[in-house]
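[1] With the input below, show me the fold.
(4 chains)
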There are 4 protein chains.
Amino acid sequence: MSTIAFIGLGIMGSPMACHLVRAGHTVIGLDQSPERSAAMVEAGGRAAESIEQAVKGADVVAIMVPDSPQVQSVLLGDNGVFAYAQPGTLVIDFSSIRPDVTVEFAQMGAERGLRILDAPVSGGEPGAKNATLSIMVGGSEEDFAAAKPILDAVGKTIVHVGTNGAGQTVKAANQLIVAGNIELLAEAITFLKAYDVDIDAAVQVLAGGLAGSAVIDQKASKMLQRNFDPGFRIALHHKDMGIVTAAAREAGVVTPLGAVVAQLMSSAVANGEGGLDHSALLLGVERLSGTEGEPTR
Amino acid sequence: MSTIAFIGLGIMGSPMACHLVRAGHTVIGLDQSPERSAAMVEAGGRAAESIEQAVKGADVVAIMVPDSPQVQSVLLGDNGVFAYAQPGTLVIDFSSIRPDVTVEFAQMGAERGLRILDAPVSGGEPGAKNATLSIMVGGSEEDFAAAKPILDAVGKTIVHVGTNGAGQTVKAANQLIVAGNIELLAEAITFLKAYDVDIDAAVQVLAGGLAGSAVIDQKASKMLQRNFDPGFRIALHHKDMGIVTAAAREAGVVTPLGAVVAQLMSSAVANGEGGLDHSALLLGVERLSGTEGEPTR
Amino acid sequence: MSTIAFIGLGIMGSPMACHLVRAGHTVIGLDQSPERSAAMVEAGGRAAESIEQAVKGADVVAIMVPDSPQVQSVLLGDNGVFAYAQPGTLVIDFSSIRPDVTVEFAQMGAERGLRILDAPVSGGEPGAKNATLSIMVGGSEEDFAAAKPILDAVGKTIVHVGTNGAGQTVKAANQLIVAGNIELLAEAITFLKAYDVDIDAAVQVLAGGLAGSAVIDQKASKMLQRNFDPGFRIALHHKDMGIVTAAAREAGVVTPLGAVVAQLMSSAVANGEGGLDHSALLLGVERLSGTEGEPTR
Amino acid sequence: MSTIAFIGLGIMGSPMACHLVRAGHTVIGLDQSPERSAAMVEAGGRAAESIEQAVKGADVVAIMVPDSPQVQSVLLGDNGVFAYAQPGTLVIDFSSIRPDVTVEFAQMGAERGLRILDAPVSGGEPGAKNATLSIMVGGSEEDFAAAKPILDAVGKTIVHVGTNGAGQTVKAANQLIVAGNIELLAEAITFLKAYDVDIDAAVQVLAGGLAGSAVIDQKASKMLQRNFDPGFRIALHHKDMGIVTAAAREAGVVTPLGAVVAQLMSSAVANGEGGLDHSALLLGVERLSGTEGEPTR
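    From the prediction side, this is the model:
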């Protein structure tokens, strides 16, 4: 069993930290908003008041924060992980950030003797709560092997996809597919609603054939009930589309659907919907189709 | 048990007819290419030489042909179903055609006392072979109830989605989602291949998270192995994208991803790939990205 | 000088008929709304009360109506042109309709001994008023030569582009370019307004370089003044995008920008903007960008 | 008359420097490839061997280089303009770079007492040769007034569009419109070639109506003759599309056509066409439409 500093106890981090406690690890959690430690403390973890406090004595540092600047601050800040973690510490960054930035952090950590993995996740809040996350891991074979028992406590599909940065690259591809699938479902639902079709029955049959997907399973009911509580916020998915768009351009890969759905995600943010679940892409299709505001059922 | 005339014994129709035989029905099959009757005959069915022969004495007429003109010819041709079927016959059209044309056929059939259902399917060749098709049915409640035992023999998810034409509308939505999902997967795979990523591991982890879909399960390996044997041919999916694009335009529904993927499907046809499986949309992404011809692995 | 029956005296047809009067021709005009004949009568023309009245004794029949059904009604209706025009009459159809439909009408006309040209125009209301229209003509060399003096009275750039239907094909290409140019200008203006830029100066300099176009010259001020009085209505341009999209698909030509701008035109119609000038595509860009309703200046 | 250091004597810079000589200014030119000074020297200018030599004693420094890194090197390099220019020198940067980077350079220059203008141009090689460039200028009123006589010697439409960076922002909008117009023309030409149309006549009539543009006037013949010698290289336009895409995203402006044409420009680069004139977007449309390699006429 390990001693794990867990930094970032939001919608995703909190249930993940709890699973680690329940798996028998010693978990010291930290969040900028101290009240977010409650669930983890109740599960049997301990709340730290600073990165120094959390990291000293830890074998493993787990990080789950929103974006590159937060990861940078956690790692490189004046009182950050790099200042206090002892050489040999395994740093698992669950955050979704730019692959090139991840590679930089990993190199800087390696110079300090830290073993860094990028381990972004997919599966959303339900995946975090049920410990069924998909985890795409970039880093060395050895570090992946060392981290595997910890990852097993929070995820179901855990795969080593390459060297540092590869995890983030796969996550970027994941976000491309997810964004596109949500938009396609939103277009399909708006289309079906325009015709005389039993929409619940239609979604059921779509889910059962080649159109079936985790997105239909998890997001169709949100669209039909017009319940856009996150879940995964559009503002974060917008950030992710920026990552995949830039990385694809950098590599000379042309992604026509990716480019268009990035525009539509951008449009949702511009329309003040950044705080809604990404299933709210439905609202954009309705705006385009002049049907916004009409009741779904 | 029913006496069923089954017209159209291709990739989809042949295994479906066999399942009906095995379920205990009397099946009289017909195809323009008589050799296609072989599997059905071997299963215990009987081959007819004309629609007249197939239809006379049948309680049920099942049709599975490629497009509207073939359905029209089967139903309305000089020696077609409408000429020979007795009033009260249940006509189940499994073909995927335009919703408005379906409605016309249903009305013309009703005038002759026929009970017509549109029952397009999703699930492809594996779905037909394993009797796990999703079937989206348009027509009256009574006719759906009457057809249910027959549909049960070939499908798994069988849903009544509305009046005549509704099945085709839902199928159109299905094809929109499937085309988009395939294109997204093709873009993601091309993106991942441009970076230093273990592509098999990456696909595995994508399949396990919110990006997961029937398309990944059934089509990713085809893309990775560059095996584009159909399966479902691009030429047919191109036809379907024409249906959904026209129907969306008619209804004033704006489908940006649908429009772009329809262009890409059209591009595949224009590049002579109409006979390949729709997973060959990968080739188009490679053409755009200047990587065509490079080995996948 | 000719005797010309001019059918359709709307925004375009009325000034065109007046120019023909002023050029010395005998013009007998007709419109469903008789009050629309006023300008032509004032110019010296004569108003007919039926196609029969207009067409009998005419050497030339000119038609300028909104779409295929109106052309069909004018030509093939019970009391239409085909019923009353004498063999040898030159029929110049200025309307913008589907190329394939044009070809059909031309063939039917030829069977009656009529000489039919498709002669759709570009240049809008100012072009009609100033007799500076571009006219793209499909038909035989001889008929084009015969029509040239009449076309010279209403247009400036008058070009024979091929056999029957070719005029409509070129018009379709014209509408593709125009729609795209307007959308690009709308995107550029919305972009510039988001930054600290003198928008009038910016438009002036854009107009003077490689970005310069007739669209900037004629439509930028409408966008900046938010004056969307037609001009050319979005509903008609939406019809035209349907023509070009269908014809491109038919020919296997992939038009990614054309497909996207067709969606945006469709969105404008769905949002109730079909009656506005096509420069109102600006409103769609603003809707996407969450800036609708904000003052332009 | 001024003493002008002109740095960057390529396709654009060389003829611009020559015009300044002919206008009576003392011009000291510099390029990394010394042979590029020939035309300017022949016109009566003087070639420098270093920025120090060029800049010392100059009232005005003009810069025309490909991208941000080159501007940075010219301004901030160890032996750069900022090291040698005397306070009060007017620095006119004709290069097209990112607006935000321009603003940074301007602020750094101001701290050294330099007066910096961003003055990107449009009009291409013909515009440079004929001194008919459009110039979009960002900076203070006073500096613009001081620069006006110099700008008049190389351009025709010279407009002050705002404070530092505004010139680059307008240039970004310019490049968005130009890229889109070229792509639309390429789609239209490919469409027309698929039908039985006199393509030269068609282009002529398109140029005369609302579809008319500087792009048709300057680029249609290149497309029809398949002469893709630059002119303006796709690689540079690709860079510019990156600028406009990023700036639009930053500002929350949604540009659907801009996003799609940026993908198509990216595709051209990925297909090895970065060195061709941007009119070679035609090749991409042909690739999509399966008609590449077919003769145009």
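[2] where do the strands sit along chain A?
    Secondary structure of chain A by DSSP state E: the strands cover A:3-7, A:26-30, A:46-47, A:60-63, A:90-93, A:115-118, A:121-122, A:133-138, A:155-162.
[3] hang on, A:Asp59 packs against A:His25?
    No - contact between A:Asp59 and A:His25 fails when scored by C-beta atoms under 8 Å: they sit 9.3 Å apart. C-beta coordinates here come from the backbone N, C-alpha and C atoms, glycine included.
[4] For those two, list the residues in contact with both.
    The overlap between the contact sets of A:Asp59 and A:His25 (C-beta atoms under 8 Å, 6 or more residues apart in numbering or on different chains) consists of A:2-4.
[5] Compile the residues you listed into CSV and extend it with columns for pLDDT, neighbour count and distance to chain D.
    Converted to CSV, the shared contacts of A:Asp59 and A:His25 look like this (pLDDT from 0 to 100; neighbours: other C-beta atoms under 10 Å in any protein chain shown; distance: C-beta to the nearest C-beta, whole Å):
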residue, pLDDT, neighbour count, distance to chain D
A:Ser2, 95, 18, 41
A:Thr3, 97, 13, 42
A:Ile4, 98, 25, 37
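[6] Name the residues of chain A found near chain C, please.
    Chain A comes close to chain C at residues A:256, A:260, A:263, A:267, A:270-272, A:287-291, as judged by C-beta under 8 Å from any C-beta of the partner chain.
[7] Could you identify which of those residues has the most neighbours?
    If you count neighbours using other C-beta atoms under 10 Å in any protein chain shown, the busiest of the residues of chain A next to chain C is A:Leu288, which has 28 neighbours.
[8] Just to check, that residue is in contact with B:Val254?
    Yes - counting by C-beta under 8 Å, A:Leu288 touches B:Val254, with 3.8 Å between them.
[9] shared neighbours of these two, anything?
    C:263, C:267, C:270.
[10] from the stretch 51-200 of chain A, which residue is nearest to chain C?
    In the stretch 51-200 of chain A, the residue that lies nearest chain C is A:Ala194 (9.9 Å; C-beta to the nearest C-beta).
[11] Among the shared contacts of A:Leu288 and B:Val254, which are located in helices?
    Per DSSP state H, helices hold the following members of those: C:263, C:267, C:270.
[12] I'd like these written out as JSON lines, with pLDDT and distance to chain A added.
    Shown next, in JSON lines, are those (pLDDT from 0 to 100; distance: C-beta to the nearest C-beta, whole Å):
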{"residue": "C:Gln263", "pLDDT": "98", "distance to chain A": "8"}
{"residue": "C:Ser267", "pLDDT": "98", "distance to chain A": "4"}
{"residue": "C:Ala270", "pLDDT": "97", "distance to chain A": "4"}
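[13] before we move on, back to that, gap between the closest residue to the residue of the stretch 51-200 of chain A closest to chain C other than its chain neighbours and D:Ser289?
    Leaving aside its sequence neighbours, A:Ala194 sits nearest to B:Ala251 (C-beta to C-beta, 6 or more residues apart in numbering or on different chains; 3.8 Å). Here B:Ala251 is placed at a distance of 28 Å from D:Ser289 (C-beta to C-beta, to the nearest Å).
[14] what's around A:Met1, how many residues?
    There are 11 residues near A:Met1, going by other C-beta under 10 Å.
[15] Now for it: which residues touch it?
    A:24-26.
[16] which of these are buried?
    Buried members of the contacts of A:Met1, counted by 16 or more other C-beta atoms under 10 Å in any protein chain shown: A:25-26.
[17] Between the contacts of A:Met1, which sits nearest C:Cys18?
    A:His25 (88.2 Å; C-beta to C-beta).
[18] Just read off the phi/psi values of that closest one.
    The phi/psi pair for A:His25 (degrees, to the nearest 10) reads phi -80, psi 160.
[19] The one residue in the stretch 1-150 of chain A that gets nearest to chain D and C:Gln175, how far apart?
    Closest to chain D within the stretch 1-150 of chain A is A:Arg98: 14.1 Å, counting by C-beta to the nearest C-beta. A:Arg98 is 42 Å from C:Gln175, where distance means C-beta to C-beta.
[20] Over to A:Val61?
    According to C-beta to C-beta, A:Val61 and C:Gln175 sit 60 Å apart.
[21] again with A:Gly208
    Noted for A:Gly208: a distance of 42 Å to C:Gln175, by C-beta to C-beta.
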